[in-house]
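Asks: Got a predicted model here, sequence first, then my questions.
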Amino acid sequence: QVQLGESGGGLVQAGGSLRLSCTASGIAFGLYAMGWFRQAPGKEREFVAGISRGGGMTDYTNDVEGRFTISRENAKNTVYLQLSSLKPEDTAVYYCAARSGYVGRNGYQYWGQGTLVTVSS
């Protein structure tokens, strides 16, 4: 049974930082590209960042480029998303997801339950 579990969400003031973590079980973690998505209230879920199987390639949506950093530790089956310079519009439920093969913005097969990030102004 594949499980992805996110943690690290919370309430933070604008300009602040958070670090999200996602630990996977039930998959050969090193064979999966990982991604972070978010869904704000009343909006569709959107891609935020992705990282290749070995961690050497990353991809970010324009809105977060330069503010968020995705990384992974394959020995710990964990992917991270460092959120910095947060804005109120970053408020959303953040999900991690796993995709077999190459990093991409869609085609993710496994999803976590999400962790809520709330940024106050």
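Replies: Received it, and whenever you're ready, just let me know what you need.
Asks: Where do the strands of this protein begin and end?
Replies: Secondary structure of the chain (DSSP state E): strands at 3-7, 10-13, 18-25, 32-39, 46-51, 58-60, 68-73, 78-83, 92-100, 110-111, 115-120.
Asks: Mind listing what's buried along the first one?
Replies: Along strand 3-7, the positions that meet the burial threshold by neighbour count (16 or more other CB atoms under 10 Å) are L4, E6. (C-beta placed from N, C-alpha, C; glycine too.)
Asks: Take that strand, keep the C-alpha atoms, and write them as PDB.
Replies: Output of strand 3-7 as PDB, limited to C-alpha atoms (Å, rounded to 0.1, in the frame of the first residue of the first chain):
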ATOM      1  CA  GLN A   3       1.300   6.100   1.400                       C
ATOM      2  CA  LEU A   4       2.500   9.700   1.200                       C
ATOM      3  CA  GLY A   5       2.400  11.700   4.400                       C
ATOM      4  CA  GLU A   6       2.900  15.500   4.400                       C
ATOM      5  CA  SER A   7       3.800  17.500   7.500                       C
END
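Asks: Which elements pack onto it?
Replies: strand 18-25, strand 92-100 (3 or more CB pairs under 8 Å, 6 or more residues apart in numbering; DSSP states H and E).
Asks: what's the most buried one of those?
Replies: strand 92-100 (a mean of 21; mean count of other CB atoms under 10 Å).
Asks: got the angle for that strand vs strand 78-83?
Replies: 140 degrees (axes from the mean of the first three to the mean of the last three CA atoms, to 10 degrees).
Asks: buried ones in stretch 84-94?
Replies: Buried residues in stretch 84-94 (16+ other CB under 10 Å): L86, D90, T91, A92, V93, Y94.
Asks: Return the closest of those with respect to N74.
Replies: Distance to N74 across the buried residues of stretch 84-94 (CB to CB) is lowest for Y94, with 20.8 Å.
Asks: Could you check stretch 44-53 and say which residues are buried?
Replies: Buried positions in stretch 44-53, judged by neighbour count with 16+ other CB under 10 Å: F47, V48, A49, G50, I51, S52, R53.
Asks: which residues touch A97?
Replies: Listed by CB atoms under 8 Å, 6 or more residues apart in numbering, the contact set of A97 reads L4, M34, G35, W36, F37, Y108, Q109, Y110, W111, G112.
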